[in-house]
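Asker: Pasting the sequence and the predicted coordinates here, then a few questions.
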Amino acid sequence: MHQRLQQLTTALLSGKTEETRQSTNAALAVGSTANEVLDTLVDAVNIIIGLHEVGEYDKDRVTAAEGALNSCLQTIEDRLAIAEKKFNIKATTGPVGLKAGNLLSLAVSASLRAIGFRSVNLGKSQTPLEILRNSEELGADLVVPLLSGERVEEQLQNFMEALERGGFKTKFEVIPVAPGLPETVETSITLARNSGEAISKATEWALRRSKSTNK
């Protein structure tokens, strides 16, 4: 099973669409779950973003990786369509100033679907105000903005200002992903230092919400 997931990682990093699709099917055939496939996707995407930020992956390689990622997601779409009905909660994900952020947003959005959210990927990088307004228009209950690790404290401050000024705090739950943020930084909202932590915290929040709704 582990070997199949490793092959999936290699195919994704190479941006090979057909190999990625075959590796996904092979992993599922030996018993890997959609969640395990998606964990592999998220890890691979974080590697790609890191390489892109230091100039080792150019735009063409990122585009190829996006095609490969989409082929994997199409392969598990039926499973995601069933899983996303667990919670009656709509989520949005989107990059805020993150290079190649659409890749991570695709993967995180799919991961949220796999654990029970009706999640929408907002795509290309947006300003804090844009992601908040778009999420409001879509009727989101949860927003997961993906910040860049560059000047992360400044980015978080800008996001918090847009959140406060626009009166969005009462409209939905927000869990920003702020990589590299010092542990000493605290805010009035839930924070995640990486996408995996954001998915865990989103799940905890959804379970608490479901429990209180069912009382």
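Answerer: Yep, it's here. Numbers count the residues shown, from 1 in each chain.
Asker: Domain map for this structure?
Answerer: Here the domain parsing of the chain from automatic domain parsing is 1-83, 85-215.
Asker: Can you tell me the centre-most residue of the chain?
Answerer: residue 108 (1.9 Å; C-alpha atoms, centre = their mean).
Asker: Just after the helix or strand encompassing that residue, pick out the following helix or strand.
Answerer: In this assignment (DSSP states H and E), residue 108 forms part of helix 101-114. Per DSSP H and E, helix 101-114 leads on to strand 118-121 as the next helix or strand towards the C-terminus.
Asker: Can you list the buried residues in the helix or strand that that following strand is followed by?
Answerer: Next helix or strand after strand 118-121 toward the C-terminus (DSSP H and E): helix 128-137. Within helix 128-137, the residues scored as buried using 16 or more other C-beta atoms under 10 Å are 128, 129, 131, 132, 134, 135, 136. (C-beta placed from N, C-alpha, C; glycine too.)
Asker: just the residues you listed now: which is nearest residue 44?
Answerer: Residue 44 has its nearest neighbour among the buried residues of helix 128-137 in residue 131, at 24.0 Å by C-beta to C-beta.
Asker: The closest one reaches residue 122, doesn't it?
Answerer: Yes: assessed by C-beta atoms under 8 Å, residue 131 is found in contact with residue 122 at 6.1 Å.
Asker: Touching both of the two, which residues are there?
Answerer: The overlap between the contact sets of residue 131 and residue 122 (C-beta atoms under 8 Å, 6 or more residues apart in numbering) consists of 92, 94.
Asker: Now do the strands in the protein.
Answerer: For the chain, the strands defined by DSSP state E occupy 90-96, 118-121, 142-147, 173-174.
Asker: so what's the spatially closest residue to residue 174 that is not a sequence neighbour scoring on pLDDT?
Answerer: Of all residues not flanking residue 174 in the chain, residue 143 sits nearest, at 4.8 Å (C-beta to C-beta, 6 or more residues apart in numbering). Note on residue 143: pLDDT of 97.
Asker: Mean neighbour count and distance to residue 49 for the strands of the chain - can I get that in TSV?
Answerer: Below are the strands of the chain laid out as TSV (neighbours: other C-beta atoms under 10 Å; distance: least, C-beta to C-beta, whole Å):
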stretch	mean neighbour count	distance to residue 49
strand 90-96	27	10
strand 118-121	20	15
strand 142-147	27	10
strand 173-174	20	22
